[in-house]
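K.L.:
How does the following fold in three dimensions:
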Amino acid sequence: MHDDRSLVEDRLRRVLEERIRPAVYPLSVPLEVRVWHAPDEPVPVAEGLAAVPRPIAEGTRWGRPWGTSWFTVTGTVPEEWAGRTVEALIDLGFDGQGGPGFQCEGLVHAPDGTPIKGLHPRNHWVRIGAPVGGGEPVELRVEAASNPGFFNSRAFRPTWLGDKDTAGSEPIYTLGRVELAVFDETVWDLVHDLEVLGQLMAELPPDRARRWEILRAVETALDAVDLGDVNSTAQAARDALAPALAVPAGPSAHRISAVGHAHIDSAWLWPLRETVRKVARTASNMVHLLDAEPEFIFAMSQAQQLAWIKEHRPEVYTKVKKAVADGRFVPTGGMWVESDTNMPGSEAMARQFVHGKRFFLEEFGIENEEVWLPDTFGFAAGLPQIIREAGSKWLLTQKISWSQTNTFPHHTFRWEGIDGSRVLTHFPPVDTYNCALEGRELAHAERNFKEKGRAAHSLAPTGFGDGGGGTTREMVARAKRLRSLDGSPAVEWEAPAAFFEKAEAEYAEPPVWVGELYLELHRATLTSQAQTKQGNRRCEHLLHEAELWASTAAVRCGFAYPYAELDRLWKTVLLHQFHDILPGSSIAWVHREARATYAKVTAELEGIIDAAQRALAGRGTGVLRFNSAPHRRGAVPALGAAVPGAATEPPTRVVARDGGGFVLDNATLRAEIDDRGLIVSLVHLASGRETLVPGRPAGLLQLHPDLPNKWDAWDVDQFYRNTATDLTGVDVLTATADGVRVTRSFGASTVVQTFTLSPGSGRLDIGTEVEWHETEKFLKLAFPLDVHAERYASETQFGHVHRPTHTNTSWEAARFEACNHRFVHVAEPGWGVALVTASTYGHDVTRTVREAPETQGTTTTVRASLLRAPRFPDPETDQGIHRFRHALVPGAQIGDAVREGAALSLPERVVAGTSQDAVAPLVTVDQESVVLSAVKLADDGSGDVVVRFYEAEGGRATVLLSPGFKAATAVRCDLLERPVAAPEPDAANLTFALRPFQLCTVRLRRG
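P.N.:
This is a model prediction of the structure:
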């Protein structure tokens, strides 16, 4: 037989697109359209419905960037259409460059304001009736959002469209056709029969008989179609295809659990207020589709988004709750938002689960065992323990498939965290969280699946995402045909938990991955938008302080614990940890609002802290020092307060240095700052050990060009290191009371650095204030250390993670930028150095060997990443004034790094006008290696005290936890403060044996 594959396949493509697909709507009439443009921000539905619209014609420009327009669509069903299925087709001006969620979109309402469904480029129909009556009036109201597109011809180019204040007012969309049309379901079904078989055929090898069977069936079907009368002959074509569609999948077919999904970024290329509307549009679409398709199941993550629907669109929420009760609309993930997981602090990461799971429990009676994070930019090694402590055990993500260098070796595996906790993890081999169930996607999933021979199940998140939209009826139609079809993976709609149960059952001993899940991409998200990151870190610590002092005051003196305020403030901070806000990859509008929000949160938390501390301190003439850090500071206990003691340390000596510059000496450290304002020596006096490398200055600012190949705000590509400028020029160099101040200029920017050695301190504090006006540059702060280290430690949630300093393999070489929380620690046996930071996250650590005999040794260079200046999606990223605080701690062991990192971020507070001479800590621990991360009152309002602590040095510890109040009972609990063990036998003396990095939560009922 001659090979006529190309002939038939080309025929299929043309006939399908030019004859059959257009015949889905064989008859149409135009609808009348009128519009009213909201003058500024979106208006309530009632106001939009009541506004007086004006006529608008097809081809008319409408919608300024970020505007809202209310369209009124009216018409009458022609009498001759009686008994037919009729739909309204509404083209708001959808273009072919941006997909759903990345351009204009709308929510259709009935005249009374009842939401019907959303509109986007792949879902622009509204069912009027099936069947419909002739002469029936049609009236629809559409709230349309003219959101600008970014991933089109302007992708990765600077644009001012990312903020309403700079986007301009010219209309950016052109109204397309708005019409009433007859819907021919038989032709529509034929389209999907041909699509599914045609796509499957294209993926099968030419030497497989099944491909030729499909080819012949398609050829017969096309012969049956009268191209001049498709609608009358569509059923005959379907009949010709039926045998090919009826051949079932074999027993060895790959099994795909399709989960209806719409990954909706809580903010990204749109502001938070627009996401509020996006989730309402998507949820409306999904409950509409659930009503029509009994097998379909939809899963929605992010409790915050469901809370928005509840608050802003209660009528949609009512439908959602019913669908949840029916088991068809599945809340998933158990987190407040799909957050970044690298940068959030220990408590913040825990609270993502506390608030997310609690919302799902209270609203729906559902407890998630699965965590759903398809798009997060890598996963910190402390996360498995947090997941398990929250009562979950499974994790889904897709993002690691984006890694540029190495291909991850597993799709289903157990992920082990720093404490030994493990969670079953799945990476969908379909390699997208926006699957459309197309043949190429399913074939890729099957070929790509790395667990063949041991497992047969994978998951496919199915639906349009990022900007929302969700699953479409076309995707559901494909799933029906693919449920069991020879040659294709078998597709079944399932909830995430159902998939994980099957995966767990069939794969009893999956492989194990230990340590962080590092994404070899988007490394610059650890640095972009510095003020957003600083706001997050500051608010995390203020929340710690507010809970600590408010609970202490509540127990000690009856202070009214601000339950509602803290709940609201935590949720605000958690929202801003979303994986495009905290990472700095959103438009200017998002970060402008984030800065303002952090300022408000800061002011409110400062007010709570001040009120609680004043309640504890009383009224008088004294002074108290409050220490919210987990370690003692001199006479002030951890988590307590005391009267400041008299200064016992000699003042720091600041003297001129031979050759220029200054020498700082406080009898603990001696630092030399040369005439360039750089640290050229830092001696730990007790050991006599020099910290720095001969001839290599520290505190050195280095400026790199920074234009990645793509993903400007997200990426820094390794070639940035090829060029560096050391900023050694000095404008002014002066001595201060206990340090040195240096001013420099470079490019269009200026920087003021301070080096401070406080009396008795074991650390050299480095302050950096930059007035930053560079573009596409990367600013680093370098410390070349005379330490021979093959690995280093950086803080992560509830512990620290080790990374190699060498680049033996491609996996290590790819980690050229990594995340720290409050410290990076490098050490050789008996000696270490810590770099601690109050707000930066990105860093790099490299090692070189000095060959010259007089300086022979290993140089381990630690560099903190300070600032970037990408121009997309925010063309003015990080422009302005920034202040950073770091400190170098010579002779530091890992415990010193933990202590100094906390101390730098949690400075003492001095409260004047007090009558008390001390405030005893509410709880104490007797081990320096055990850190108290939270002291608070229980969220249920019972007045119980909740304490969370963890082993911080990576060793075992037996710790005595002593309440500073009469405790009636004590019980270990999970993160949601639910008991997980029997009550402790002695609530006054609580002893716990902790494994390395283990966290523990204890609930104490007051006596």
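
K.L.:
What are the neighbouring residues in contact with the residue nearest the centre of the chain?
P.N.:
With distances taken as Cα atoms, centre = their mean, His579 lies nearest the centre of the chain, 2.1 Å away. Counting by Cβ atoms under 8 Å, 6 or more residues apart in numbering, His579 touches Asp265, Glu338, Ser339, Asp340, Leu373, Asp375, Thr376, Phe377. All C-beta spots, glycine's among them, are computed from the backbone N, C-alpha and C.

K.L.:
Likewise for Gly799?
P.N.:
By Cβ under 8 Å, 6+ apart, the contact list for Gly799 reads Ala381, Gly382, Ile418, Asp419, Tyr950, Glu951, Ala952, Gly954, Pro996, Phe997.

K.L.:
gap between the second one and Cys819?
P.N.:
From Gly382 over to Cys819 the distance is 11 Å, taken as Cβ to Cβ, to the nearest Å.

K.L.:
Overlap of the contact sets of these two?
P.N.:
With Cβ under 8 Å, 6+ apart as the test, Gly382 and Cys819 both reach Thr796.

K.L.:
More neighbours: which of these two?
P.N.:
Gly382 (28 against 24; other Cβ atoms under 10 Å).

K.L.:
Pull the contacting residues for the residue nearest to that one when sequence neighbours are not counted.
P.N.:
Spatial nearest neighbour of Gly382, excluding adjacent residues (Cβ to Cβ, 6 or more residues apart in numbering): Gln797 at 3.4 Å. By Cβ under 8 Å, 6+ apart, Gln797 lies in contact with Pro344, Gly345, Ser346, Met349, Ala350, Ala380, Gly382, Leu383, Ile386, His821.

K.L.:
hmm, 7 Å instead?
P.N.:
Gln797 sits next to Gly345, Ser346, Met349, Ala380, Gly382, Leu383, Ile386 when contact means Cβ atoms under 7 Å, 6 or more residues apart in numbering.

K.L.:
okay, those residues in JSON lines with distance to Glu769 next?
P.N.:
Shown next, in JSON lines, are the contacts of Gln797 (distance: Cβ to Cβ, whole Å):
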{"residue": "Gly345", "distance to Glu769": "24"}
{"residue": "Ser346", "distance to Glu769": "29"}
{"residue": "Met349", "distance to Glu769": "30"}
{"residue": "Ala380", "distance to Glu769": "30"}
{"residue": "Gly382", "distance to Glu769": "32"}
{"residue": "Leu383", "distance to Glu769": "34"}
{"residue": "Ile386", "distance to Glu769": "35"}
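
K.L.:
Tell me which two of those sit farthest apart.
P.N.:
Pairwise distances among these were taken by Cβ to Cβ; the largest, 12.7 Å, belongs to Gly345 and Leu383.

K.L.:
which residues of the stretch 401-550 of the chain fall in helices?
P.N.:
With DSSP state H, counting those that start in this stretch as the criterion, the stretch 401-550 of the chain has helices at 439-448, 473-482, 496-506, 530-557.

K.L.:
no no, the stretch 251-400 of the chain
P.N.:
With DSSP H, counting those that start in this stretch as the criterion, the stretch 251-400 of the chain has helices at 272-292, 303-312, 314-325, 346-364, 383-389.

K.L.:
And these: which comes nearest Gly645?
P.N.:
Among those, the nearest to Gly645 by Cβ to Cβ is helix 346-364 (30.4 Å).

K.L.:
ok, then the element right after the helix or strand encompassing Glu143?
P.N.:
With secondary structure defined by DSSP states H and E, Glu143 is part of strand 137-146. Later in the chain than strand 137-146, the nearest helix or strand by DSSP H and E is strand 173-174.
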